[in-house]
Every structure is written in C-alpha cells, then in structure tokens.
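Q: my questions concern the predicted model and sequence given below.
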Amino acid sequence: MNIRINEQSVSMTPPCSLAGAAQQFKPDADLLILNGFPAEPETLLQEGDQLFLIKRGEQPSADELEALMAARHTPGIHARLKQACVGIAGAGGLGSAVAVALARIGVGRLIIADFDLVEPSNLNRQQYFIDQIGLYKVAALTQNLQRINPYVSVEPHQALLGTDNIPQLFAPCSVVVEAFDRADMKAMLVDTVLSCLPGCCVVAASGVAGYDDNNSITTRRISSRLYLVGDGVSEAQPGNGLMAPRVAIAAGHQANQVVRIILGERS
C-alpha cells in the first residue's frame, strides 16, 4: 500500500492504522491529519492516503506548511492561490483584516500600500498590537503577516496612493482591494485601477460603520471588473463609529471575493 507521510512517499503493509504509521515515522506526533482533516489514531489507512504527522508547538517547514494547506484546500486550489498576487490599498480596519485572511490561506504575494502610522484609536478594529503604536502600518502589518505565514511574500509600500503611483505599484496584481476611509480616495483608486490596469479587478467597500444588521452587508458585482462590499449607506459619524465586528464582516466579504476571482468565480 502506497501512501504519503509529510509529503514523502512510503510503502506500508495493510492493515495499518494512523497510530501505527505515527509510531513508525514520528513517534512524538500528537496531531494526525488524514487527507486534510484531523482523524482518530485507530483509523485504518488506505491506498493513496495523505497523512501529516505534527507535533504541537513545532514550526513546520515551508514544504510541510504548504502541503498541509494544499491538503486543506485541495492541491489544485492551493496552487492557484499560491500563484496569485493581490494588492491592498490601505492597511486600516478593512485592509489589515483582508491581508490576514489572505495570508492565512496562502495567497502567494501581497502588495500592501499605506502612508499612515498605527495609532491608539486604530486598535478597536485594526489588526495591530498596542506595542506597535507609532510604527508605520505597512511595517507593522508585514511583521504580523510574517508571524502568521512566513512563506507568503509581503511587499510593503509606505506611500500615499494616487493616480501617479497606483499603476506601477499594483501592476503585478490580478485583484486590488480598496480599503480606504474617504469617499474621494475610494473613487480615485477604483477609477485608476479600472482605467490603467485592464487585467485587474477591484473589490471595493462602502457602508461598514456601526453595528447594524449583519446581513445588510453584501457583495455586489457592479461591472465585469468591479465588486462592491457593504450596505452602501452607513458611514462613520458621531454615535456610529467603525467597530471591529462589522468591519470584520465586510473584510471577510472582500477577502472571499478575492478568492473567488482568483479561482475564476466571477458571479
């Protein structure tokens, strides 16, 4: 019986359980992943199974982590995510959360641009830590993403985005996430990408403030290359601020739409 254990082909004599394979190849393993999912030690192995033996607290190598993610996502999907390049314009509440989601699923290259510093008022909704106050957001976010998935390429740009630098910075990207606060900046980013980067889609957001109904945040296809997330109405103002839960819902919509675009799902 031929199986793969931690991405190595091995031959075993059936019947053989997960526990038996672990005892032979990694006795200190305390997490057994079979074909992408945790399984009981007594589970019997079958021809072609993929087994990952993991010791909790031990950092996997790049190949091991990639193999685990491929098993979770299925190899074909993971390969397409790994080859993708995504731009994130703005590293605040939306942008930082989108970046975390995309790094966790193994999108291969992230190009992130923002000019601002981490401030105390950011911590109620943005993916930063109190000891990062005063750092540039792109630097702090790069640190955090490298801790989450050190094998994703993160290209930070400390820059104020405009019509002069957007085409160059995001030229390698198949998708750009619009994650600004100001309406004029949102419109500028969308117009610039759609006009100057003809092969690129935009996933924008509008209306994510407050704590209104979860399900009022939706993803709409505005045109062949533009998607808009949010309720289109709520805006940050006194008594209706930007809060982590609803911002996270919108960021999840944006990140998932990016994945759908990468995988060819355009509806």
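A: Perfect, I can see it now. Numbering: from 1, shown residues only.

Q: quick one: the strands in the stretch 51-200 of the chain?
A: 85-89, 109-114, 153-158, 175-178 (DSSP state E, counting those that start in this stretch).

Q: could you dump these into TSV with distance to Ile130, mean pLDDT and mean neighbour count added?
A: Every residue, glycine included, has its C-beta placed from N, CA and C. Formatted as TSV, these follow (distance: least, CB to CB, whole Å; pLDDT from 0 to 100; neighbours: other CB atoms under 10 Å):
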stretch	distance to Ile130	mean pLDDT	mean neighbour count
strand 85-89	23	98	27
strand 109-114	19	98	23
strand 153-158	21	98	17
strand 175-178	26	98	28
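
Q: low-confidence ranges, the stretch 1-150 of the chain, go.
A: Residue ranges of the stretch 1-150 of the chain with pLDDT under 70: 75.

Q: before we move on, what about the stretch 151-267 of the chain?
A: Applying pLDDT under 70 to the stretch 151-267 of the chain flags residues 233-241, 266-267.

Q: now the helices for it?
A: 166-169, 183-196, 244-262 (DSSP state H, counting those that start in this stretch).

Q: against His157, how distant is the residue minimising distance to the centre of the chain?
A: Nearest residue to the geometric centre of the chain (CA atoms, centre = their mean): Leu102, 0.9 Å. Per CB to CB, to the nearest Å, Leu102 is found 17 Å from His157.

Q: now Ser216
A: 33 Å.

Q: swap in Ala140?
A: Taken as CB to CB, the span from Ala140 to His157 is 14 Å.

Q: what residues does the closest residue to Ala67 other than its chain neighbours make contact with?
A: Spatial nearest neighbour of Ala67, chain neighbours left out: Glu7 (4.4 Å); criterion: CB to CB, 6 or more residues apart in numbering. Contacts here follow CB atoms under 8 Å, 6 or more residues apart in numbering; on that basis Glu7 touches 63-64, 67.

Q: from Leu160, how far off is Glu7?
A: Glu7 sits 44 Å away from Leu160, taking CB to CB as the criterion.

Q: good, wrapping up.
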